[in-house]
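Peer 1: Quick one: sequence and predicted model below, then my questions.
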Amino acid sequence: MSLHIGAEVGEIAETVLLPGDPLRAKWIAEHFLTDVKQYNNVRGMLGFTGLYNGKRVSVQGSGMGIPSIGIYAHELINDYGVKKLIRVGSAGSYQKEVALRDIVLAMSASTNSSINNATFHGETFAPTASFNLLRKAADFAENKGISYKAGNILSSDIFYQDNPEYYKKWASHGVLCVEMETAVLYTTAAKFGVEALSVLTISDSLVTHEATSSQDRETTFKEMIEIALSLV
Ligand SMILES: O=P(O)(O)O[C@H]1O[C@H](CO)[C@@H](O)[C@H]1O
Ligand SMILES: O=c1cc[nH]c(=O)[nH]1
């Protein structure tokens with residue numbers, strides 16, 4: 001057991017999908033995997049291991065925000081030997097052309113978090129996806145006719161911004177969307193020499209103010225899961 005994950009060593013697969021929402025983890029396990037075993041309920045942050053097309057894969061809820069996913073990524077890599085971490089998350093669009101339910105492959109993650117300052121002291125590290133996973137995800141999506149955007153995203157420490165125009169400074173530099181975890185996921189993967197990718201679905205738009213429901217975010221972002229599972 002690690003401090004936040006109640007699995008024995010060997011109960012977690014080398015590839016782990018990481019939804020922020022633990023109930024999205026449960027939905028993924030129940031709808032996409034066979035031979036499923038729940039290995040974690042510590043803090044209600046559900047984790048499951050099962051088979052996808054005969055290959056072992058785990059799904060671990062990672063919570064909301066950089067500190068939370070930072071803890072799970074660290075323990076999965078260092079205590080359980082995980083080699084591929086694939087976030088499957090919701091995100092808010094920053095661009096008119098990025099519509100509700102569009103898929104975004106996060107090539108890189110800008111951030112307004114100061115978490116990397118503790119390591120880089122005012123210099124800037126660029127959290128970047130595994131090119132291997134990114135290329136495979138893009139190829140799979142193209143073969144399946146799933147349209148996607150790939151580019152830079154923002155991992156934000158703040159969900160409710162006071163200034164409704166805040167997004168525009170990022171949007172003007174081509175940032176596609178906002179979520180709250182990828183920058184530290186990519187940084188942690190780089191630090192420990194493993195692979196990571198975030199596959200996101202647009203759940204709402206900061207531009208048009210359209211939004212999906214929390215139920216939609218829990219149980220309907222199927223294409224994102226299919227892309228992530230193609231990487232197992
Ligand atoms: O849907 P998940 O994966 O939780 O991702 C997004 O949703 C949460 C905010 O509603 C944040 O965790 C953000 O990154
Ligand atoms: O607007 C959004 C939607 C999902 N996640 C975020 O962090 N922001």
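Peer 2: Yes, it's here. Numbering: from 1, shown residues only. Ligands and ions are numbered 1, 2, ... in the order given.
Peer 1: Around ligand 1, which positions in the protein sit nearby?
Peer 2: Residues of the chain lying near ligand 1 by C-beta under 6 Å from any ligand atom: 19-21, 64, 89-90, 159, 179-181, 217. C-beta here means a position set from N, CA and C on the backbone, and glycine is covered the same way.
Peer 1: out of these, which are buried?
Peer 2: Buried subset of the residues of the chain next to ligand 1 (neighbour count, 16 or more other C-beta atoms under 10 Å): 19-21, 89-90, 179-181, 217.
Peer 1: Need these in a markdown table (columns: secondary structure).
Peer 2: Output for those, formatted as a markdown table (DSSP: H, G, I helix; E, B strand; the rest coil):
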| residue | secondary structure |
| --- | --- |
| Pro19 | coil |
| Gly20 | coil |
| Asp21 | coil |
| Gly89 | strand |
| Ser90 | strand |
| Glu179 | strand |
| Met180 | coil |
| Glu181 | coil |
| Arg217 | helix |
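Peer 1: Turn those residues into JSON lines, columns for pLDDT and distance to Ala109.
Peer 2: Supplementary listing: these in JSON lines, determined by pLDDT from 0 to 100; distance: C-beta to C-beta, whole Å:
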{"residue": "Pro19", "pLDDT": "98", "distance to Ala109": "17"}
{"residue": "Gly20", "pLDDT": "98", "distance to Ala109": "14"}
{"residue": "Asp21", "pLDDT": "98", "distance to Ala109": "19"}
{"residue": "Gly89", "pLDDT": "98", "distance to Ala109": "11"}
{"residue": "Ser90", "pLDDT": "98", "distance to Ala109": "15"}
{"residue": "Glu179", "pLDDT": "98", "distance to Ala109": "8"}
{"residue": "Met180", "pLDDT": "98", "distance to Ala109": "10"}
{"residue": "Glu181", "pLDDT": "98", "distance to Ala109": "9"}
{"residue": "Arg217", "pLDDT": "96", "distance to Ala109": "20"}
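Peer 1: Okay, and the beta partners of the residue nearest the centre of the chain?
Peer 2: Nearest to the geometric centre of the chain sits Arg87, at 2.2 Å (C-alpha atoms, centre = their mean). Bridge pairing for Arg87 (DSSP bridges) gives the partners Leu18, Ser198.
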